Each structure stands twice: as C-alpha cells, then as structure tokens.
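Colleague: I need the structure of the sequence given here:
(chains A and B)
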Amino acid sequence: MKSNKVFVTLLIAGAFVGGMYLGKGQQPAPTITDSAQKIGYQGGFKKDAEPASMSKSAVKAREVEGQTLVVKPGSLIMDAVKSASPGDTIQIMPGTYHETVYIDKDDIRIIGVIEQGKRAVLDGQKKLNDAILYSGNNIVVENLKITQYKGNGIMGQAGNNFEIRNNIIVDTGVYGIFPQLGKNGIVEYNIVSGIEDAAIYVGMSDNIHVAHNHVFASVAGIEIENSRHAIVENNFVYDNAGGILAFVTPGLPVKTTYDVIIRDNFIHQNNHVNFGAPGSTVSGIPSGTGMLIMAADDVIIENNIVSDNKVAGIIITDHANAPNITIDPESDPTPERTMILNNVMVNNGYDTIDEAKVLMLSEFKQGNPDIVRVGDNTGSCIINRHQYVTVGVSDWAECNFTSTDNIDSYILDEPVAPREIHGSERGKMAYLGICTGCHTYTGRMIGPPVQVIQAMYMDNPQGLADYIAAPVKKRDDYPEMPAQNYLDEETRLAVAKYMLSVKN
Amino acid sequence: MSLRSFTLLLSAVAMLVCANLSSASESFVLSEHCPPSFEKNAQGQCKLVNMYQMYDSIENKGMGGTQTSLPPYRDGFTPQQIDLGRYLFFDPLLSPNQTLSCASCHQPQKGFADGLDRSIGILGEKVKRAAPTLWNAAFLQRLFWDGRATTLEQQAAGPLFAADEMGNTPEQLLNSLQNNTYYPDMFKQAFPASQKIELAQIYRALAAFQSSLISLNSRYDHYAHGYHQALTEPEIEGMNIFRSFVARCSECHTPPLFTNQQIAVIGTPEPAGLPLDVGAETPFHSEKLKGGFKVPTLRNIVKTAPYMHSGVFPTLREAVDFYNKGRGHAVPEGVKMYIHWHIWEPNLTEQEIDRIVDFLGALTDESLTPAIPQRLPSGLK
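Modeller: Residues are numbered from 1 along each chain as shown, chains lettered A, B, ... in the order given. All right, here's what the predicted structure looks like:
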C-alpha cells in the first residue's frame, strides 16, 4: 500500500460498507446463471458456408508442392528467399543466422528444422532491425528461435492467410509477433518473452486466431488492436505489465475493433514493471492489469482463469480515461457491448491504482477489484457478477447467452483469394496505367501513335510483347523507349493484345 | 507488311497531320480524350485504371505492404472538365493582377511544388507554409498541411481568395473569366447544361485536373508488382529500413501512397525566428493535436525540397535525420505536445539514413506529367 492515508480512508469506508451489507440481509439471493446449459452467442462473424473440414489452416492449400530449399549455417536464408518461387518451402537447419529475412512473394513457407531441441536461431545481435518481414500472402513461419533484434521478431505487412507457429522469440525489440493489415491468420504455439511492447500484437487485421501461446516478461502479453473477428484462446499469459488487451487506438487508418473473443486463457500475475518506451500506448498500462479493454466493441470474456493481477483482473475504459491517447474524430472512444461470462477470478486487485480506489469508494465497495470499468460504456452485460468484486458494472444487464462454444474459429473456410483479374483486364490496366503515358491513339506523344503500332503489329501480338521487353532504338526522331520488362510475360502479352485492340 | 496494315499506316499519318492543323487554329477545343491512366466510360466520364486495382486491402483502406489496392479516390470527371482545369491551373488570369497561377506555386517541373521553404504570394511576401506536391491529390481525404479541407473543391477556394496567396475575390474572378474571349465557350464545352460560369464549375474543373495527376509507376512500384530487379541493393536495404519497426516510416508513410492520411504530431522545428505553427490544433479544436500535420505523401519526394510544412529542411537527408534526433527534441520549451507514439529514438546509423534516402529516390515517377498549355486563353504567359 503506497499511501497510508488511502489505507485509513479505505478502512473507514470498509467499516461503513460492512455495516451496510449486514443491514441489507434481506436482499434477494444473487442471480446464479448456470452456464453448463451453454446458451450460444448469436452475434459474431458469420461465415458463408459450413466448414468442409475441421483442420484449421489459414494458408491456401498447395495443389503442387514446389521445391524445398535447405539453408545451412554459413549461408543466407535470404539467398533462398530470392531464388524461391511461390509454392516453395525453405527449411532452415539448426545453427545461427544474422540477417533480416524479407519476403515480398506469395506462398513461401519458412520452416526451421528442430534437431534434438536445437533450432535455427536468427540472432540480430542488437544491430539488425527486424528478423522476418513479409508482405506476401500465404506465408508460414515455423519453428524458429529469434533473439536480439531491435525491431520486431516477425512482422507481416498486409499479407493475408498467414500461419506463425512454434517460434521462440526472446528479448527482441518492440513486438515479438506483429501481423499488420492482414486478413485470415493464425498465431499459435509460440513462446514470446522480454518484449518492450506487445509480445503478440495483431494490428488492423481481420479474422485472426491467437491460441496456445506462452507470453511473459513483456510489457503487454497479447494485444488485439483496430482489428475485427479475433479469437484469443488457450494462451498462458503471465508476468507482463498487462496481460491481454483489446484496443481501439486513435490515429490509425483502420478505425474499429469489434467481435473479439477472449476465452480459456490463463492470465496470471501480470505485475511486471512497465518498461514500455516513453509515449508508447502500452507505457500507460498500469502494471498489474490482467485484461484491458479500451474502446473496443463486442468483446466477450469467457472461462479465463485470472489470478494475482495486482491492479485488476479486467479494466474496461474509454479513450478519455486512458493515458497517452490522442484524439481522432473518426474513431469512437466508447467501448460498447462488453460481455463478461463465467471466469475464475482469484486474488486480483490487491494493490490497485488510486483511480480504482476512488471508484470503489463512490460505490461503497470494499475488497480488491476483479473488474473495473471507467468512463463511458454502453450495451454491456455480465453473468454471475456476484462472484467478483466489481466497480462500474452494477447497471450492466444479465447476458442472454452463457457460452461461445458454438463458435470454433473465425478463420475463413476458404482462404482469402487474390482478386480475379483476367488477361484482357490485366492488359487494360497496364496499357492505361503505363503505355498511355507515352502513346496516344492518333497523336505523336513521347512514342509513336498507337495506330501506327497497330499497323505494324496487327497480326503479331507476341512480336509486340517481345519488343517492349527489350526495346531497340528504331526511329531517329523519337527517344528510346524504356524497357517494360518489369511486367511479367503474361502481362506483356496481355498488354500487347490490348494495345492492338484499342479503337481510340 | 501486309497491304491492310500499310493502308492503316497511311491513314494514321493523315490523321496526324490533321491533328496538327486543328491545334493551330484560334479557338480552344477541349480534349474529348481522357488523360493517360483514365478510361472513358459509357457516360463519358474518365475512370482511373491502374495496376494496383489488381489487389485488395483490409477494409478497402488501400494501405500497407506491397500488393495492396488504392485508397478511395476522386475520378469520374469528363475529359473536357479535366482539360478546362488544366487551362485554369496554368492561367495567371485567376489572380487579380494576373501574375500568379496555381502553377506558380505548384510547378510541374518541381514536383508540383515550388522549391521554396514557404511560397511567395500575390503580395510578394512569404506565406505561412510550403506548397505541397499535388501528385496523387485524387487520393487525399484531407487537404492542406493541417487537414482543414476535405475536398479538392473546398480546397481550391483557399488559395484563390486568401489575401496573401492569389488574393482574388469571387466577383472579380467570375468577371475576368466571363469577359475573356475564350473561357465562356470553354466552360460551355465542359458544363454544357449551364448558362453561365459559376464558382462551383471553376472548383470542379480544378479538382478534375488535379485528380488526373497520377504517379504510381516508379521503380518502387515495379518492385511492388513483383519485378524485384527494379530496385538496387542499397535501395532495397533502404526500403527494409523504411518499413522496419526501428525506423517505422511506413507506419505513417504507408504504401502505396506513402501516407496513411492521418494527422500526426511529430514535432518538427520551425525555421529560426518563426512562431510555432500549431497546425491541426486549430481546425480540430484540440490541444492534443497541437503541432499536428497531415502525413504527407513521399512520392516524387526528391523533386520537392525543401521539406516539412515550413520548409525547414533544405535536403532530404536532413528531413530523414530529423527522426533520429530523439522524441520531441525540437519542441519549444514550455510547449506541451502529444508526440506520436511512433516517434522515438531509433538510433539509425549514418549508413541507414543514407539508405533510406536512396530508397526515397526510387519513388519518382513523372511519366504522366500533363502538357503545359502552349497558349493560354488569357494570352498571358
């Protein structure tokens, strides 16, 4: 207890409240909701079809396996990535590697080979920025050990359909695992510790499954930020400053968080000192917070074992009551429809913050808070509230459901498919987006008129496609045409056909 | 060569000659063709067509990674409106003493900026801020450094009537266009349903022209679409630093536009002797946004020195180095700013800063620079 004065006030208030309680002996018995009946949640993400199989996979199934490229210590993983084509698997043998691996291709699997407990170790030696950085779709990263990077362990930037599993990430910069702006991804069976921000941070993403991870000794354990349709389950989250967070952070281009299920996690003793970077959002989290819901909507908290978190088991707050938060007229600051089902809460809030104490006093509550709600909140519900020491939830409704067992996963049954682009459409995009900068139908621009080109190549689209891949100087009164070899073969032929078909 | 194609060739040459003749005649016939990168639809509107339309993105925001769709944009103007906007944009007739056009401060050969730390207005004095590039203005959800306008039409009224910029009045502007030999007819071509020139038409034509300034075909874009040889090794290294979580540039300057279009407080310094520019605090009425500015695009960035809202950094390297000097290092004493969480102390090495500068050089694409009118309806130069 930091302040004696507060202690004394609390004692007095305690006595006062105690008296009240006795006096209320004729109160009706608490509503006990038996969740064994499992009345299912009717909200949440609706999939188009019933799952074809129960095997949970986020990446696109491979019709043909590509090559397997094996990387041994002494060679570069990046050399394998550069030579890999979509469909290939890169196996990394045990040993130590010092590099940043970036993957701007689709359907590549990076698999560490574990031999008798020995892993492939990516060691950034506190010199390198990020260990793995991908922007491709259908990326798998498995079985690695990552340590001593300054930025992130594994970072996805707008890659869809990803699976990040069985990695050990220790003492690595800002985020351990950080998929950002991706849809349909699984993060499971990772052990992440010693991270200066969130060990696992899902940012601006959709349809996410975070399960069976072991995260500790970080500022935040698992953070779901500006994301939708996420399930966080069966994780062991302990010894962080804050355990599991569901946030709307203002000032980001994607503005909402909703439909998040946090269930079946062990959220234990998250009392680590907060060593977050000054100004970072997480640096404002009071050390000792089991779960923190900030401005996120439709968050369901169910069947977690929440123990020994000294400030509170769950804090629910709006933006106005959170530190370090900027304003953003486009993001809604209020958490709506927080739903708290059965949870086991033991020994939380035993050394809580002054704000919580003041709120307790105002409600004449005593004891150590399991659940603290501050600021605005609408449409929320809770069952079996009598089990917990709560503040700010007395006006919440009873939930009309008791279980989320009817929701297995928000992973899509069919992985996100690339946008379907046909040859002629591709040709048109390239023609209008690129060629028309230098060629017009009739007039002389930088290059000769399309009519002239049509006359030359009318029956020979392949010849045109070949020319643009490696143009040769033809006309004295025109400059040289720059090579269009950055367009792939298919696109070059498509644009040739399109150029020969345009009529104005 | 087949006979058929030979005849085609001949007729093509004949048409070319015709085209040349007509452009020499007196009146101004507005183009009936959409500018490059636009396709005319059945309604006669120009719709953007670009390789990035091959992709999708989260919540259709058009953000992040390499292969991502574009953010929402303005298009659907007619070729005539775009072409009218081009004439207006370059015509000093839009200022009362006929000395300044939009292009005086947004010069095509300077990345549609003006090369000055702060632009010089009609009074011959420096205005408050630097002229931003207009490349890819079609995609902007907020305009001006402080984000105070939300549409190009709303924006256009700013420079036209600001006393220190073009200093015109609505009456005088309409008068000078109405009394010009050519403009009434040109407005008729662009807005056939209307009887007289209206302010809204001027704004719309300017918006139409600016929406046609598309720059999405740099060497970086070639890389993004999958041609990895398009960038040199140092540039790729720079790209990886740029998008790393140490430098974090791409968290705000997010591809493909290299802006996430948000307001961010990063605490850049003012040039010596200038008062603090509180930026977005004013239009958004919030102290939390004191010193906040719209994240600017970095496309064609090598063309638009000096940098930042008041042009405080003469070179790109100095602009990049700003981020390495520590969170809030330039915030004046006694001023409270809520510095953005991504601004920290990345401790980039000198080489890393050089590599970022290398990478930024690969964001240049001016292939769709519009033609500067050879002759203006006002006869002015």
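Colleague: Could you check which residue of the stretch 51-200 of chain B lies nearest chain A?
Modeller: Using Cβ to the nearest Cβ, the single residue of the stretch 51-200 of chain B nearest to chain A is residue B:65, 2.6 Å away. For glycine as for every other residue, the C-beta is placed from the backbone atoms N, C-alpha and C.
Colleague: Does that residue touch residue B:255 like I think?
Modeller: Yes. At 7.1 Å, residue B:65 counts as touching residue B:255 under the criterion of Cβ atoms under 8 Å.
Colleague: Now do the contacts for residue A:316.
Modeller: A:292, A:293, A:294, A:335, A:338, A:371, A:372, A:373, A:374, A:377, A:380, A:392 (Cβ atoms under 8 Å, 6 or more residues apart in numbering or on different chains).
Colleague: Which pLDDT value belongs to residue B:17?
Modeller: Residue B:17 carries a pLDDT value of 36.
Colleague: residue nearest the centroid of the chain?
Modeller: With no chain named, the answer covers chain A. residue A:202 (1.6 Å; Cα atoms, centre = their mean).
Colleague: sorry, should have said chain B
Modeller: residue B:134 (1.4 Å).
Colleague: So the residue nearest to the centre of chain A: helix, strand or coil?
Modeller: The three-state label given to residue A:202 by DSSP: H, G, I helix; E, B strand; the rest coil is strand.
Colleague: And for residue B:318?
Modeller: helix.
Colleague: sorry, back to before: and which of the contacts of residue A:316 is nearest chain B?
Modeller: Top of the list for closeness to chain B, among the contacts of residue A:316 and by Cβ to the nearest Cβ, is residue A:294 at 13.9 Å.
Colleague: check contacts around residue 281.
Modeller: No chain was given, so I picked chain A. Per Cβ under 8 Å, 6+ apart, neighbours of residue A:281: A:247, A:249, A:324, A:325, B:341.
Colleague: Correction: the question concerned chain B.
Modeller: Going by Cβ under 8 Å, 6+ apart, residue B:281 touches B:287, B:289, B:290, B:291, B:292.
Colleague: Give the burial count for the last one, as a bare number.
Modeller: Here the neighbour count serves as a burial measure; for residue B:292 (other Cβ atoms under 10 Å in any protein chain shown) it reads 31.
Colleague: where in chain B is pLDDT low?
Modeller: B:1-25 (pLDDT under 70).
Colleague: Confirm that residue A:427 sits in a strand.
Modeller: No. Residue A:427 sits outside any strand when classified using three-state DSSP, being helix.
Colleague: Could you count how many residues lie near it?
Modeller: 26.
Colleague: before we move on, what about residue A:306?
Modeller: 28.
Colleague: What distance do you get for the residue nearest to the centre of chain B to residue B:106?
Modeller: In this structure, residue B:134 and residue B:106 are 5 Å apart, going by Cβ to Cβ, to the nearest Å.
Colleague: ok, and for stretch A:360-378, which residues are buried?
Modeller: By neighbour count on 16 or more other Cβ atoms under 10 Å in any protein chain shown, the buried set for stretch A:360-378 is A:360-361, A:365-366, A:368-377.
Colleague: likewise stretch B:149-156?
Modeller: By neighbour count on 16+ other Cβ under 10 Å, the buried set for stretch B:149-156 is B:149, B:152, B:153, B:155, B:156.
Colleague: Look up the closest residue to the residue of chain A found nearest chain B, ignoring the ones flanking it.
Modeller: Residue nearest to chain B within chain A: residue A:158 (2.6 Å; Cβ to the nearest Cβ). Nearest residue to residue A:158 in three dimensions, chain neighbours excluded: residue B:65, at 2.6 Å (Cβ to Cβ, 6 or more residues apart in numbering or on different chains).
Colleague: which residues does the residue nearest to residue A:325 when sequence neighbours are not counted contact?
Modeller: Nearest residue to residue A:325 in three dimensions, chain neighbours excluded: residue A:319, at 5.0 Å (Cβ to Cβ, 6+ apart). Residues near residue A:319 by Cβ under 8 Å, 6+ apart: A:248, A:250, A:294, A:295, A:325, A:327, A:331, A:333, A:334, A:375.
Colleague: Show me which residues of the stretch 101-250 of chain B are close to chain A?
Modeller: B:216-217, B:222-230, B:240-241, B:243-247, B:250 (Cβ under 8 Å from any Cβ of the partner chain).
Colleague: Quick one, which of the residues you listed are buried?
Modeller: Buried members of those, scored by 16+ other Cβ under 10 Å, are B:216-217, B:222-227, B:230, B:240-241, B:243-247, B:250.
Colleague: What distance do you get for the residue lying closest to residue A:103 once chain neighbours are set aside to residue A:302?
Modeller: Closest residue to residue A:103 apart from its sequence neighbours, by Cβ to Cβ, 6+ apart: residue A:134 at 4.1 Å. With distances taken as Cβ to Cβ, residue A:134 is found 32 Å from residue A:302.
Colleague: Which of the contacts of residue A:316 fall within strands?
Modeller: Secondary structure from DSSP state E places A:292, A:293, A:294, A:338, A:371, A:372, A:373, A:374 of the contacts of residue A:316 in strands.
Colleague: among those, which two are most distant?
Modeller: The most widely separated members of the ones in strands among the contacts of residue A:316, counting by Cβ to Cβ, are A:294 and A:371 (14.7 Å).
Colleague: mind listing what residue 183 touches?
Modeller: You didn't say which chain, so I picked chain A. Taking Cβ under 8 Å, 6+ apart, we find residue A:183 in contact with A:160, A:161, A:205, A:206, A:207, A:412, A:416, B:58.
Colleague: Hmm, no, I was thinking of chain B.
Modeller: B:177, B:197, B:377.
Colleague: which residue packs closest to residue B:303, ignoring adjacent ones?
Modeller: Excluding the flanking residues, the one nearest residue B:303 by Cβ to Cβ, 6+ apart is residue B:111, at 3.0 Å.
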